[in-house]
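In: sequence first, then the predicted structure, then my questions.
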Amino acid sequence: MKNIQLYKCVLERAGLLRLEESVPTLATHGEAAKTILTALLADSPSEKVYVLMLNARTAIVGAELLSMGGQTQTSVAVREVFRAAIIQNANAIILGHNHPSGDSTPSAEDIDMTHAIVKASKLLGIALLDHLIITPSGSWSSVFDHCLFER
């Protein structure tokens, strides 16, 4: 008989992000995701990528830091975007990253990454609701740029 490895995948709680009580918890209210991602990303001097995980009622149930990079770029594998969402049994995700430069315009790499994540989300059955770019002076949302979801 052959021996096989057994694995146990667990999520570890890193802590809590304290937000004002008035912040809505439903991601259908786009401001909630923007508020959370702004709290996590706006003051960072380096690029970071977060994924927000949502349950079937679109309540945000968790956030995971996926990547930290330099001042102008970071990278994340598509499979890493969905790892925690699968373990958390999330129905949907919202992706967010920052541009420390202050320009919220998506780069060609940002657009390509969004397309790849949209394709994977359709295969996995975990909807990508939005991809936000956060800067100290504002933000950009892929929801308002419909061509990102139509490729």
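Out: Good, I have the coordinates. Residues are numbered from 1 along each chain as shown.

In: in the protein, which ranges drop under the pLDDT threshold?
Out: Residues of the chain that meet the criterion pLDDT under 70 lie in 5-11, 16-29, 70-73, 144-151.

In: from the contact counts, what lies against the longest helix along it?
Out: Secondary structure assigned by DSSP state H gives helix 108-124 as the longest helix of the chain. Helix 108-124 makes packing contacts with helix 78-87, strand 92-98, strand 127-135 when contacts are defined by 3 or more CB pairs under 8 Å, 6 or more residues apart in numbering; DSSP states H and E. The C-beta positions use only the backbone N, C-alpha and C, and glycine is treated the same way.

In: mean neighbour count and distance to Ala120 added to those, as CSV?
Out: Below are those laid out as CSV (neighbours: other CB atoms under 10 Å; distance: least, CB to CB, whole Å):
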stretch, mean neighbour count, distance to Ala120
helix 78-87, 17, 5
strand 92-98, 26, 10
strand 127-135, 22, 8
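
In: and of the ones you listed, who's closest to Gly30?
Out: Nearest to Gly30, of all these, is strand 127-135, at 6.9 Å by CB to CB.

In: C-alpha coordinates for the helix or strand following that closest one, CSV please?
Out: Sequence order places strand 138-141 as the next helix or strand after strand 127-135, per DSSP states H and E. Extracted C-alpha coordinates of strand 138-141, given in CSV (Å, rounded to 0.1, in the frame of the first residue of the first chain):
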residue,chain,number,x,y,z
GLY,A,138,-8.7,59.0,-4.8
SER,A,139,-9.6,55.7,-6.3
TRP,A,140,-10.5,53.9,-9.5
SER,A,141,-13.1,51.1,-9.8
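
In: what pairs with strand 138-141, parallel or antiparallel?
Out: If you go by DSSP bridges, strand 138-141 pairs up with strand 127-135 (antiparallel).

In: ok, and what's touching the partner strand?
Out: With CB atoms under 8 Å, 6 or more residues apart in numbering as the test, strand 127-135 has contacts from 27, 30, 33-34, 37-38, 41-42, 54, 58, 91-106, 110, 113-114, 117-118, 121, 139-143, 148.

In: list buried residues within these.
Out: 27, 30, 33-34, 37-38, 41, 54, 58, 91-100, 104, 106, 110, 113-114, 117-118, 121, 139-142, 148 (16 or more other CB atoms under 10 Å).

In: for the helices and strands packed on helix 108-124, which one sits closest to Lys48?
Out: Here strand 92-98 is closest among these (CB to CB), at 5.9 Å.
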